[in-house]
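> Predicted model and sequence follow; I will ask about them next.
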Amino acid sequence: MRHECLSGLLRSRMPGYSLPAALYAGAEAFEADLDAIFLRSWLNVAVVADVPEPGDVYAVDIGRSPVVIVRDDEGGIRAFHNVCSHRGARLVPEGRSIVGKLVCPYHQWTYELTGDLIDAPHMGLDFDKALHDLQPVNVREIGGLIYVCLSNDPPEDIEALAALMGQRLAPYNLAHTKVAAEQEIVEHGNWKLTVENNRECYHCASNHPELALSFHASDFGFDPAALAPEEKREAEALATLYAERTAAWEACGLPSEAVESDVLMPTNYRTQRLIIAGAGESQTPNARAAVKVPLGPMVANGAGDVHLWGINAWAHFMGDHAVVFNLFPLGPDRTLVRTKWLVHEDAEEGVDYDVANLTAVWTETNRQDADLVALAHQGVRSAGYRPGPYSRFTERTLNDWTTWYVARMMASGYA
Amino acid sequence: MNAFTRPVGRAEWRADRWGMLRCLAVRDETPSTKTFVLAPDDGARIVYEPGQFMTFRADFGGEAVERCYTLASSAASERSVEITVKRKPGGRFSNHLHDALVRGAGIEAFGPAGRFGPASVEADRYVLLSAGSGVTPMLSVVRTAADLGIDLDASFIHVARHPREIIAAVDLVPLMRRLPNLRVATIATSAPKRWRGTVGRLQAQLLADLVPDIGTRAILCCGPEGFMADMKAAVMAAGVAEENYAEESFDFGAMEEALATGAGPTRRITFAKSGRSFDCPDGLTILQAAKAAGIPIASSCAKGMCGTCKCLMTAGNVAMAHNGGIRDREVARGFILPCSSRPNTDIVLDR
Ligand code: FES
Ligand code: FES
Ligand SMILES: [Fe+2]
């Protein structure tokens, strides 16, 4: 019954239009999303700077499934279900901590950082600890981004993303970064509205005056007919500049061309090296670098902004810092967006960078986006909502996104 | 893959932390002595020298008790270790092993550690002197030599109370075939009439008869305190140099207790936040002393592994021997595990 209802909604989606209301706002669709998307996809949930040293652990909640990421004694990255094998208590609190071993706060079952159960007091000498190790979670580090997949059958197309981004991110040395600032914001809207809002810049000019100083809104499409002659000349000049810059970047070993995953593949992403507007250095109030220590020599000057988006994340990698956004669904109408600003590990706060300056643009932009997502969610709950048309100029990627979403739901048996 | 399959990519067993050994087999040596064959589940190699011991730990109603046993096996076989344990009347650890350490059961182990045996006393010729369970390091010495093709020139003299209690007696015959310069003499303090072996006490004269060139040999001695004292006096009188004599008590239990009741100074432990303070007598951990004083500290493993007791030390200095429950960088910031720390000075904790 449930599936029939969802199935009908998924099938009724019109190409070129936003989704039916119940797919955004309904509790049933939310449950199905947790299952079909969040339990089965590769998700970027952390960065290597979250667990820089052996004994560092970092816990996140993916839907209702707590996961802990561990830097083990050999320096490797592991992930486990953050759940004790005894009676299921949550092991590690959310966020970062340092541990000797992973110890359950309930009855102190003690696990090695490899997940091996090494102590279970009062269980008897004949108790076979080897049968009660922590349950591992698939984990991949790609250029310093940590991806996990809760499925036992993780999508194999992660290899393509690994090859692509491993190379693109290498010059940014994320292994030698630290988290300079972190912010969490709970958006009052469905996670898919958060994603849609992130994937278009139709709304940028009017809503993001701060971001607009360093970001070319037209990067994500425009209708030439809607531009004034002056704007049109600018757009054409930018297009020419893109062709030149992209060729120049590629020539010096910085892959830059736009690459998008096939819409029907499970692991969804897009990346491109973007030209930063204005002074051209970084997404800061004056578009100048916010950090004196560059992330790496190859990108110290004029290497633009590598943007990456995925199923639950988006990010910008610039010469002086990176900013990584991860979203976590909390409910049909609540989405956690966690933003991390990464700087070189040697950069000293107050000397090499000022946190307020570093975070200014995206603090404002996140707030503005949260408001827009809330407005969108209020609308989809209304009796007056009808799926609306995407612009073929500025919202082509949203049509791809909803096409991907419906395909994933169907592949998971929901239609 | 079965028990015979060659292990691949085996790591080395970590001698510096507690780990789990599984009992693969148990065999009877004498009516009161069993040998336990133990190995790590992951096939890790246990690397050691003959004469080293491992510490074992078991839980007795919430109290963790530790005992050391010398490895009796050949150090050449890194795939498993053997300990040979006599069931002592009223000895709760040895009784526990005899009763509960069955094939397939696990036991916590630490080490190998210690320095005793030909690796630490270098010589061309040896005398191996043992009594009772003190035979275990000597068995490891001769087994290792046979497996590694070491041409061991040794007189191995073992004393048992009764022929029935001679450990590994039948194993020594084939070992002598493989070690042409090994001579073995077993002596029983008392024996039935028909027994053909030597009966009596091992005294200076008998020792001189058995090993005429004793003055040119290095002596490794293991057994009860009285036996070792007698032997030491005898071999010194026979002209053995001090540095050529080494002994090892096999009664580690007694040794441990001797350590814990040291006569060093008592230290004052103060909890800065609650304002409580108590004395920590020499040899006790801060956790033990707190318990004795009726002051609660949350703890679980009491062996430096779980980190439950971790707290910040704001003044003082401790000797801490933990099992991985705390990181070096936490120690650098002043954190300690009270369950694994003995105070060197008066201590202030941020509690
Ligand atoms: S639930 Fe974790 S130790 Fe009991
Ligand atoms: S009680 Fe486990 S480390 Fe102290
Ligand atoms: Fe936006």
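On my side now, so go ahead. Ligands and ions are numbered 1, 2, ... in the order given.

> Could you pull up phi and psi at the residue nearest to B:Glu29 when sequence neighbours are not counted?
Spatial nearest neighbour of B:Glu29, excluding adjacent residues (Cβ to Cβ, 6 or more residues apart in numbering or on different chains): B:Ile167 at 4.8 Å. The C-beta positions use only the backbone N, C-alpha and C, and glycine is treated the same way. When read as degrees, to the nearest 10, the backbone of B:Ile167 gives phi -80, psi 140.

> For B:Ile167, grab the count of nearby residues.
Counted with other Cβ atoms under 10 Å in any protein chain shown, the neighbours of B:Ile167 add up to 24.

> Confirm that A:Leu9 lies within a helix, as I assumed.
Yes - under DSSP: H, G, I helix; E, B strand; the rest coil, A:Leu9 falls within a helix.

> So it sits against A:Tyr24, correct?
No - assessed by Cβ atoms under 8 Å, A:Leu9 is found out of contact with A:Tyr24, at 10.2 Å.

> These two - which one has more neighbours?
A:Tyr24 (25 against 22).

> Give the helix, strand or coil label for the closest residue to chain B within the stretch 1-150 of chain A.
Relative to chain B, the nearest point of the stretch 1-150 of chain A is A:Gln108 (3.6 Å; Cβ to the nearest Cβ). Using three-state DSSP, the structure places A:Gln108 in coil.

> Now for the closest residue in space to it that isn't next to it in sequence, how many residues are close by?
Closest residue to A:Gln108 apart from its sequence neighbours, by Cβ to Cβ, 6+ apart: B:Ser300 at 3.6 Å. By other Cβ under 10 Å, 21 other residues sit near B:Ser300.

> And for the one 3 residues further on?
For B:Lys303, the number of neighbouring residues by other Cβ under 10 Å comes to 21.

> the strands in the stretch 201-350 of chain A, which residues?
If DSSP state E, counting those that start in this stretch is used as the criterion, the strands of the stretch 201-350 of chain A fall at A:259-260, A:270-274, A:305-309, A:313-318, A:322-331, A:334-344.

> Distance of the closest residue to ligand 1 within the stretch 251-351 of chain B relative to A:Tyr385?
Proximity to ligand 1, evaluated over the stretch 251-351 of chain B using Cβ to the nearest ligand atom, is greatest for B:Ser300 at 9.6 Å. Using Cβ to Cβ, to the nearest Å, one obtains 55 Å as the distance from B:Ser300 to A:Tyr385.

> contacting residues for B:Asn244?
Taking Cβ atoms under 8 Å, 6 or more residues apart in numbering or on different chains, we find B:Asn244 in contact with B:Val121, B:Ala123, B:Arg217, B:Ala218, B:Ile219.

> Tell me the buried residues within those.
B:Val121, B:Arg217, B:Ala218, B:Ile219 (16 or more other Cβ atoms under 10 Å in any protein chain shown).

> residues in contact with the helix or strand containing the last one?
Translated: B:Ile219. Per DSSP states H and E: B:Ile219 is located in strand B:218-223. Outside strand B:218-223, the residues that touch it by Cβ under 8 Å, 6+ apart are B:51, B:70, B:116-118, B:121-123, B:125-132, B:134-138, B:141, B:159, B:227-228, B:231-232, B:235, B:240, B:244-250.

> quick check, A:Arg87 in a helix?
No - using three-state DSSP, the secondary structure at A:Arg87 is coil, not a helix.

> what are the phi and psi angles of the residue nearest to it when sequence neighbours are not counted?
Leaving out its chain neighbours, the residue that sits closest to A:Arg87 by Cβ to Cβ, 6+ apart is A:Tyr106, at 6.9 Å. When read as degrees, to the nearest 10, the backbone of A:Tyr106 gives phi -80, psi -70.

> For residue 126, which residues are in contact?
Using chain A here. B:Ala100, B:Val102, B:Gly104, B:Ala105, B:Gly106.

> actually chain B
B:Pro118, B:Val141, B:Leu152, B:Asp153, B:Ala154, B:Ser155, B:Arg217, B:Ala218, B:Ile219, B:Leu220.
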